[in-house]
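S.K.: coords please:
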Amino acid sequence: MRVMVVHPGANFSTSDVYDGLIVGLRAQGVNLIEGRLDTILDWYASLIQGGVEQGVLVADTFLLDGRLNRSALASAHITRAAVMHRPDWMIVVSGHNYNAYDAQALRRAGIRVALICTESPYWMDVEPHMASFYDVVFTNERTAVASFRHERAHYLPHAYNPAVHSPELPPAQASDVFFCGSLFDERRALFDAVDWTGIGFLKRGYHLDTGIPDLLPNMEVARHYRGTKIALNHHRTTTMHGSGGHITRAESMGPRAYEIAACGAFQLMDDSRQEARDVFGNSLATYRAGDADDLARQMRYYLAHDAERIELAAQQHDRVQGHSWVERAAQILEVLM
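M.R.: Numbering: from 1, shown residues only. Next comes the predicted model:
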């Protein structure tokens, strides 16, 4: 099978999904074409910043408020490449920076297109509409499938990248507790309420209050997992873009759950996700979601019980075998065949 995979454009966690999918599809022997939307967006941005748009004649489709629209231009660039290469399928990761009308045009040209949604159920005011332009849609949240109202909507859990997440990685700096992720309001409120006395807490990510990114490459995050005693996993509840009345209670885990366990690190997770109990069983270590006192109590307990913590980490690692992007790629191909 010949497949073109389109990068999400942004270099956040959605980029890690793209990287993992590329690894997984290659392992499945797929003939791959990479659509690096991120590189093309950056190229058009540099042209616009350099003043190249002055005097350039383009169709209104490529203008936004009288200026060149780099997203529309980059989408058209990807679409032309798809028409030229004629893949059996084009898979778009995230889709927020790729024009859905271009996906519709490709379908009319006889090229099948699939969308991997990575932000369900938090962007349900956006994702189902985008998905309507595609032949097949995959969502990361199992309770959201019906909300897409798409006859070919499928649940695709998050996963870890076997080229990145491994117990063999050399650890980064040592820490008692490590967290990496966007500091949504509920996360910030929880962390601020915890009594951290005697606990070394290292947090990295995107600080939404300041808008200042404190981002790490996925490999560096994995090395921090290897260097910490407790990798904290607090699932989000903030929608950011509103729910459009279609928000569903999240049951599925984010990528962090699989990535931490695949690194062989000990994971302490909030108790809000049913899927966590399904995957990890008795190896799951939790605290009551939103309860700062219980979080502090559980951290102190596991920091004081090394043998139990190390044994649970080994069990968690075993439980995520079969949940890498290699297996997820096989699931995707089974649907697309």
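S.K.: any low-confidence regions in this structure?
M.R.: The chain contains residues with pLDDT under 70 at 48-68, 208-213, 238-249.
S.K.: Show me where this protein has its strands.
M.R.: Taking DSSP state E as the criterion, the chain contains strands spanning 2-6, 31-35, 63-64, 67-68, 89-93, 112-117, 136-139, 153-155, 175-180, 201-207, 212-214, 228-233, 267-270, 285-287.
S.K.: what about stretch 265-277, start to end distance?
M.R.: 18 Å (Cα to Cα, to the nearest Å).
S.K.: can I see the domain layout of this protein?
M.R.: The chain breaks down into these domains under automatic domain parsing: 2-160+325-336, 175-319.
S.K.: among the ones you listed, which is nearest P167?
M.R.: Of all the domains of the chain, domain 175-319 sits nearest to P167, with 3.3 Å by Cβ to Cβ. C-beta: built from backbone N, CA, C; applies to glycine.
S.K.: what about the closest one, how long is it end to end?
M.R.: In terms of Cα to Cα, the two terminal residues of domain 175-319 are separated by 24 Å.
S.K.: hmm, back to that, and S166, which of the domains of the chain is closest to it?
M.R.: Across these, closest to S166 is domain 175-319 (Cβ to Cβ), at 6.6 Å.
S.K.: Just list the residues touching N140, thanks.
M.R.: N140 makes contact with 117-120, 155-158, 252, 254, according to Cβ atoms under 8 Å, 6 or more residues apart in numbering.
S.K.: Now which of those residues would you call buried?
M.R.: 117-120, 156-158, 252, 254 (16 or more other Cβ atoms under 10 Å).
S.K.: Taking these together, which two end up most distant?
M.R.: The most distant members of these, if one measures by Cβ to Cβ, are E119 and P157, lying 14.2 Å apart.
S.K.: re earlier: got TSV for the contacts of N140, with distance to D214 too?
M.R.: Listed next are the contacts of N140 as TSV, based on distance: Cβ to Cβ, whole Å:
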residue	distance to D214
C117	26
T118	21
E119	21
S120	26
Y155	32
L156	29
P157	27
H158	22
S252	26
G254	18
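S.K.: between the residues you listed, which is nearest D306?
M.R.: For the contacts of N140, the nearest to D306 is G254 (27.1 Å; Cβ to Cβ).
S.K.: Can you show me the helices along this structure?
M.R.: Using DSSP state H, the helices found in the chain span residues 13-27, 37-49, 70-85, 100-108, 127-131, 185-193, 218-227, 255-262, 274-280, 292-304, 306-319, 325-336.
S.K.: separation between A144 and D125?
M.R.: Look at A144 and D125: by Cβ to Cβ, to the nearest Å, they are 12 Å apart.
S.K.: go on, F148?
M.R.: F148 sits 13 Å away from D125, going by Cβ to Cβ.
S.K.: swap in M219?
M.R.: For M219, the distance to D125 equals 33 Å [Cβ to Cβ].
S.K.: Over to D42?
M.R.: On the measure of Cβ to Cβ, D42 and D125 end up 28 Å apart.
S.K.: before we move on, what about Y98?
M.R.: 18 Å.
S.K.: Can you get me a residue count around S46?
M.R.: Using other Cβ atoms under 10 Å, the number of residues around S46 comes to 11.
S.K.: With distance to S166 added, can I get the domains of the chain in CSV?
M.R.: Output for those, formatted as CSV (distance: least, Cβ to Cβ, whole Å):
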stretch, distance to S166
domain 2-160+325-336, 9
domain 175-319, 7
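S.K.: circling back to that earlier point, nearest to N233, out of the helices of the chain?
M.R.: Closest approach to N233 among those is made by helix 255-262 (5.0 Å; Cβ to Cβ).
S.K.: by contact count, what packs against the closest one?
M.R.: In terms of contacts (3 or more Cβ pairs under 8 Å, 6 or more residues apart in numbering; DSSP states H and E), helix 255-262 is packed against helix 13-27, helix 218-227, strand 228-233, strand 267-270, helix 274-280, helix 306-319.
S.K.: What degree of burial does A109 show, as a neighbour count?
M.R.: When neighbours are counted by other Cβ under 10 Å, A109 registers 11.
S.K.: ok, now H323?
M.R.: When neighbours are counted by other Cβ under 10 Å, H323 comes out with 19.
S.K.: so what's F191 up against?
M.R.: Neighbouring residues of F191 by Cβ under 8 Å, 6+ apart: 179, 183, 201, 203.
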